[in-house]
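A.B. asks: sequence first, predicted model second:
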Amino acid sequence: MFNMGMTEMIIIGAIALILIGPKKMPDLARAIGRALTEFRKASNEFKSSITREMDDITGSPDIKDLSSMANQLKQKNIPKNIEDYLEKAADVLEDAGKEIERRDEAVKEEGEKSKPEPT
């Protein structure tokens, strides 16, 4: 994990045993284990929320239309009226920007609501 060998682990364990004592050592090990478990849970929850938000944004039909348009342009299958595609792409990007701003405002409002009131 930290690129430590068995010798280093034994030395650290011996020092901890001397400093903490044999009675409190199991409690300390349990507390460290619980803390690592909570950290992993929080990390996984954060990853899943980011993934869920990205899926919400990229899963919209407009984004898929942009993707298909980009693929057509890459394949040199340029349509006769490219202005329509460019206008639609601009509209989609503008809508995505508005959606991001709306979500930012909602997050800010939620953060302000959760702040304790000064006494």
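C.D. replies: That came through fine.

A.B. asks: C-alpha from now on. contacts and neighbour counts both.
C.D. replies: Will do.

A.B. asks: identify each buried residue in stretch 26-35, please.
C.D. replies: By neighbour count on 16 or more other Cα atoms under 10 Å, the buried set for stretch 26-35 is empty.

A.B. asks: any idea how far that stretch is from the chain center?
C.D. replies: Chain-centre distance of stretch 26-35: 27 Å, with Cα atoms, centre = their mean, to the nearest Å.

A.B. asks: so how far is residue 69 from residue 91?
C.D. replies: Distance, residue 91 to residue 69, using Cα to Cα, to the nearest Å: 14 Å.

A.B. asks: which of those two has more residues huddled nearby?
C.D. replies: Taking neighbours as other Cα atoms under 10 Å, residue 91 and residue 69 compare with residue 69 leading, 19 against 13.

A.B. asks: need the nearest residue in space to the more buried one, chain neighbours excluded.
C.D. replies: Distances taken as Cα to Cα, 6 or more residues apart in numbering put residue 85 closest to residue 69, at 7.4 Å, once the chain neighbours are dropped.

A.B. asks: quick one: which helix or strand includes that neighbour?
C.D. replies: Element membership of residue 85, judged by DSSP states H and E, is helix 82-114.

A.B. asks: what is that helix packed up against?
C.D. replies: Contacts defined by 3 or more Cα pairs under 8 Å, 6 or more residues apart in numbering; DSSP states H and E place helix 82-114 against helix 61-74.

A.B. asks: packing partners of the helix it packs on?
C.D. replies: When contacts are defined as 3+ Cα pairs under 8 Å, 6+ apart, helix 61-74 sits against helix 82-114.

A.B. asks: so the helix it packs on versus helix 61-74, what angle?
C.D. replies: Regarding helix 82-114 and helix 61-74, their directions subtend 140 degrees when assessed with axes from the mean of the first three to the mean of the last three Cα atoms, to 10 degrees.
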